[in-house]
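Novice: Here is my input, please return the structure:
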Amino acid sequence: EVQLVESGGGLVQAGGSLRLSCVASGFTFDDYAIGWFRQAPGKEREGVSCISYRAGNTYYADSVKGRFTISSDNAKNTVYLKMNSLKPEDTSVYYCAAAPGCHTIVVRTPRPSYWGQGAQVTVSS
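Specialist: Take a look at the predicted model:
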């Protein structure tokens, strides 16, 4: 059974930082691109970031470039998203996602193969 379990969400003031973690199981971690998309109430999904171990690449949405950093620990089947300089507009539910390639995650309307239950991130002004 494929599982993607997120943790690390919470409430933070604008300018603060959070780190999200995603532990993956049920598939061959190295064969998939792993990333994050977010969805706020009443808004469409938005691709945020993605890391592809096989391609050796990382991708970021323009809205988070320079503030967010994605990394992975393949020995632990875990992907991290470090979020710095958070803004109120970053408030959303963040979902960990897995797909054959990052081109289906860091896009305007992500369509990953798998995704988790989500972690709430709230940034107060």
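Novice: Go ahead and flag the most central residue of this structure.
Specialist: Closest to where the C-alpha atoms of the chain average out (C-alpha atoms, centre = their mean) is residue 36, at 2.1 Å.
Novice: Sticking with that one, tell me its helix or strand.
Specialist: strand 33-39 (DSSP states H and E).
Novice: One more: residue 6?
Specialist: Applying DSSP H and E, one finds residue 6 within strand 3-7.
Novice: Report the distance from that strand to the chain centre.
Specialist: 11 Å (C-alpha atoms, centre = their mean, to the nearest Å).
Novice: related to what we said a few turns ago, downstream of the strand holding residue 36, the next helix or strand is which one?
Specialist: Criterion used, DSSP H and E; the element after strand 33-39 is strand 46-52.
Novice: Report the rounded mean pLDDT for that following strand.
Specialist: Taken as a whole, strand 46-52 has an average pLDDT of 96.
Novice: which helices and strands sit right next to that strand?
Specialist: strand 33-39, strand 57-60, strand 68-73, strand 78-83 (3 or more C-beta pairs under 8 Å, 6 or more residues apart in numbering; DSSP states H and E). Every residue, glycine included, has its C-beta placed from N, CA and C.
Novice: hmm, who's touching that strand?
Specialist: The contact list for strand 46-52 (C-beta atoms under 8 Å, 6 or more residues apart in numbering) reads 33-39, 57-61, 63-64, 68, 70-72, 79, 81, 92, 94, 101-102, 105-108, 110.
Novice: Report the angle between it and strand 78-83.
Specialist: Interaxial angle of strand 46-52 relative to strand 78-83 (axes from the mean of the first three to the mean of the last three C-alpha atoms, to 10 degrees): 130 degrees.
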